[in-house]
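quick one, what's the 3D model for this:
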Amino acid sequence: MATCLRCRNEWTPRKEHPKRCPSCQNPNWDRPTKRKRQPVESKEPDPMLETYKEETLKRMSATTIADDIVAFDIESRKSRTEELMRKLAQ
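This is a model prediction of the structure:
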C-alpha cells in the first residue's frame, strides 16, 4: 500500500516504486512538503486593546477584592470598595 504525502491518497501500486501519485499526479508523492516559515511581523501593541486589558484587570481585581470583604452592613462594604477602587486607580 502506498500513500501520497501530498494529497493523502492511498493506493496499491503496480510497480515497486511508482513515478507519480495516481490522484494528484505529483512526482514527489513520497517526499514530505517543505514549507517555509513566514516571518512574523512585529506589531506595535494596540493602545485601545491595552487600555481595555488594563480596565478589565482593574474591574476583575476590584470585584474579587470586594467579594472578600466581610461587612455586616452595606454602607461599610461600599465605602471599603470605594477605597480599594481609589487605590487601584493610582
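
and R20, how far from R35?
21 Å (Cβ to Cβ, to the nearest Å). For glycine as for every other residue, the C-beta is placed from the backbone atoms N, C-alpha and C.

for these two, indicate the residue with more neighbours.
R20 (12 against 6; other Cβ atoms under 10 Å).

tally of neighbours for T81?
Number of residues near T81 (other Cβ under 10 Å) recorded here: 17.

helices or strands up against the strand or helix carrying it?
With secondary structure defined by DSSP states H and E, T81 is part of helix 74-89. Helix 74-89 sits against helix 47-68, with contacts defined as 3 or more Cβ pairs under 8 Å, 6 or more residues apart in numbering; DSSP states H and E.

average pLDDT across the helix it packs on?
Helix 47-68 shows a mean pLDDT of 70 in the predicted model.

report the separation between Q90 and L5.
Per Cβ to Cβ, Q90 is found 60 Å from L5.

should've said M48
Applying Cβ to Cβ, one obtains 44 Å for the distance of M48 from L5.

okay, now the residue nearest to E10 when sequence neighbours are not counted: neighbour count?
In this structure, E10 finds its nearest non-sequential neighbour in T3, 4.9 Å apart by Cβ to Cβ, 6 or more residues apart in numbering. Neighbour count of T3, defined by other Cβ under 10 Å: 13.

about what we covered before: residues of the helix holding T81 that come out buried?
In terms of neighbour count (16 or more other Cβ atoms under 10 Å), helix 74-89 has its buried residues at T81, L84.

stretch 53-60 too?
The neighbour-count criterion (16+ other Cβ under 10 Å) identifies no buried residues in stretch 53-60.

give me the low-pLDDT residue ranges for the chain?
37, 39-40, 42-43, 45, 61-77 (pLDDT under 70).

quick check: domain ranges of it?
If the domains of the chain are taken from automatic domain parsing, they occupy 1-33, 47-89, with pieces of a single domain joined by a plus sign.

distance to E41 added to those domains, as CSV?
Conversion of the domains of the chain to CSV gives the following (distance: least, Cβ to Cβ, whole Å):
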stretch, distance to E41
domain 1-33, 23
domain 47-89, 16
